[in-house]
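Asks: one predicted model, sequence on top.
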Amino acid sequence: MEFNDLDMRQWDKDLSEEQLKEWNSIYASYRSGSLLTGRVIGMDTTTIRMKNRDSGKLEKQTINCLVVISYRVKVLIPEQEVWYDEHSRRPAHVLRSMTGAVIDYVITGINRINDCCTASRKLAMDIRRRTFLKLEPQMGRKVPVNVLAVGATHLLATCNGFDMTLSQRDLSYGMIDDLRNKFHPGEQKMAVLVSYDKEKKLLRASVKEAEPHPFDGVEIRHPLNSRRASVISGKYKGGVFCKLEENLDCLCTYTMYQKDEDFGIGTQVIVVITKYDYPRKLVYGKIVAKW
């Protein structure tokens, strides 16, 4: 039975106040194309009726869907409606990693009998983009970005209707061995707009640039030849990253008597500050002992 053929007063007469509030929001989104926002609770593989792109006819298809339940109603967002276009589409494992993410969507279908709906994140992204692009985007401006999915070395975030893949260099001035230890789906971070490519329709933002650079004033906090208690946060090409502050690392070497195999991620060490690289805003040092 089509939505317009249903007697909503009959269906809604026994609903609680919270249920009625939820359904009224769904009805409004369906009728006017307005945005709803909810948290992804998982991914289902289900069979639903969708239009064939070639024939335009409704066909049953088995697809992956994000699941959002704000209160009682199950909202399914088919994989085809999660991404803005084919160029921005991500693999299925990214969908599974989006549990906990907060997303916008527009209701596209209502199954009142089974208390279920279908929705499109793509339509919501288009609304966000058009609103954002009405005014020329101002680079350098701070904006909120929402974390969608996190891997060891990259994470997926969204901002003003644009999805973007961010690496560690976009996220932190310091070394992060595994991004999953610090970032999680559903978190909101402030970021600085870096660039917008009109032709490719790509927006870039930097989370780390929303904060002052931790190198500034380093010669006062950590003078040359000073000894500092530190923790090894990473290794790269024979160099060892030792954390001086939350977002400030010291790139260290060992003494000739030390072996790399004796030092691992998380090892507590004493370092001596030996050099500053002002153009690159780097601090160098030497590991002198464990503590």
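Replies: Yep, that arrived.

Asks: quick one, helices of the stretch 101-250 of the chain?
Replies: Here the stretch 101-250 of the chain has its helices, by DSSP state H, counting those that start in this stretch, at 121-133, 168-171, 218-221.

Asks: could those go into TSV alongside distance to D197 and mean neighbour count?
Replies: Every residue, glycine included, has its C-beta placed from N, CA and C. Formatted as TSV, the helices of the stretch 101-250 of the chain follow (distance: least, CB to CB, whole Å; neighbours: other CB atoms under 10 Å):
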stretch	distance to D197	mean neighbour count
helix 121-133	12	18
helix 168-171	16	18
helix 218-221	34	14
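
Asks: ok, which of those comes nearest S233?
Replies: Counting by CB to CB, S233 lies closest to helix 168-171 out of the helices of the stretch 101-250 of the chain; the figure is 11.2 Å.

Asks: any idea of the mean pLDDT for that closest one?
Replies: Helix 168-171 shows a mean pLDDT of 94.

Asks: output that helix as CSV, nothing but the C-alphas.
Replies: What follows is helix 168-171, C-alpha atoms only, in CSV (Å, rounded to 0.1, in the frame of the first residue of the first chain):
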residue,chain,number,x,y,z
GLN,A,168,47.9,11.3,9.8
ARG,A,169,49.5,14.4,8.3
ASP,A,170,46.1,16.0,8.2
LEU,A,171,45.2,15.0,11.7
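
Asks: going forward, count from 154.
Replies: I'll keep to 154 as the first residue from here, and by that count the last item is helix 321-324.

Asks: from the chain's centroid, how far away is that helix?
Replies: Chain-centre distance of helix 321-324: 12 Å, with CA atoms, centre = their mean, to the nearest Å.

Asks: also stretch 396-412?
Replies: 30 Å.

Asks: ends of that stretch, what's the gap?
Replies: Taking CA to CA, to the nearest Å, stretch 396-412 runs 19 Å from one end to the other.

Asks: now the helices of the stretch 254-403 of the chain as a markdown table including distance to D331?
Replies: Shown next, in a markdown table, are the helices of the stretch 254-403 of the chain (distance: least, CB to CB, whole Å):
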| stretch | distance to D331 |
| --- | --- |
| helix 274-286 | 27 |
| helix 321-324 | 10 |
| helix 371-374 | 26 |
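
Asks: K342 is nearest to which of those?
Replies: The minimum distance between K342 and those falls on helix 321-324, with 8.3 Å, by CB to CB.

Asks: show me the contact partners of the closest one.
Replies: T306, L308, M328, I329, L332, F336, A358, S359, V360, K361 (CB atoms under 8 Å, 6 or more residues apart in numbering).

Asks: now do stretch 376-392
Replies: Under CB under 8 Å, 6+ apart, the answer for stretch 376-392 is 327-330, 375, 393-397, 402-406, 413, 416-429, 438, 441, 444.

Asks: give me the beta-bridge partners of the most centrally placed residue in the chain?
Replies: Nearest residue to the geometric centre of the chain (CA atoms, centre = their mean): V300, 1.9 Å. Taking DSSP bridges as the rule, V300 bridges to A310.

Asks: just the buried subset of the contacts of stretch 376-392, please.
Replies: Buried subset of the contacts of stretch 376-392 (neighbour count, 16 or more other CB atoms under 10 Å): 327-330, 375, 393-397, 402-405, 416, 420, 422-426, 429, 438.

Asks: can you select the buried ones from the contacts of helix 321-324 in ChimeraX?
Replies: Selection of the buried residues among the contacts of helix 321-324 in ChimeraX, burial being defined by 16+ other CB under 10 Å:
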select :308,328,329,332,336,358,359,360,361
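
Asks: any chance of the contacts of helix 321-324 in a markdown table with pLDDT and distance to Y183 as columns?
Replies: Below are the contacts of helix 321-324 laid out as a markdown table (pLDDT from 0 to 100; distance: CB to CB, whole Å):
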| residue | pLDDT | distance to Y183 |
| --- | --- | --- |
| T306 | 94 | 40 |
| L308 | 97 | 32 |
| M328 | 85 | 48 |
| I329 | 88 | 42 |
| L332 | 96 | 37 |
| F336 | 97 | 34 |
| A358 | 97 | 32 |
| S359 | 97 | 37 |
| V360 | 97 | 35 |
| K361 | 95 | 40 |
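
Asks: and the contacts of helix 321-324, which two are furthest apart?
Replies: Across the contacts of helix 321-324, the longest distance by CB to CB is 20.8 Å; it joins M328 and A358.

Asks: where does this protein dip in pLDDT?
Replies: 154-164, 201, 203-206 (pLDDT under 70).

Asks: got the angle for the lengthiest strand in it vs helix 274-286?
Replies: Longest strand in the chain, counting residues (DSSP state E): strand 189-204. Strand 189-204 and helix 274-286 are oriented at 130 degrees to each other (axes from the mean of the first three to the mean of the last three CA atoms, to 10 degrees).
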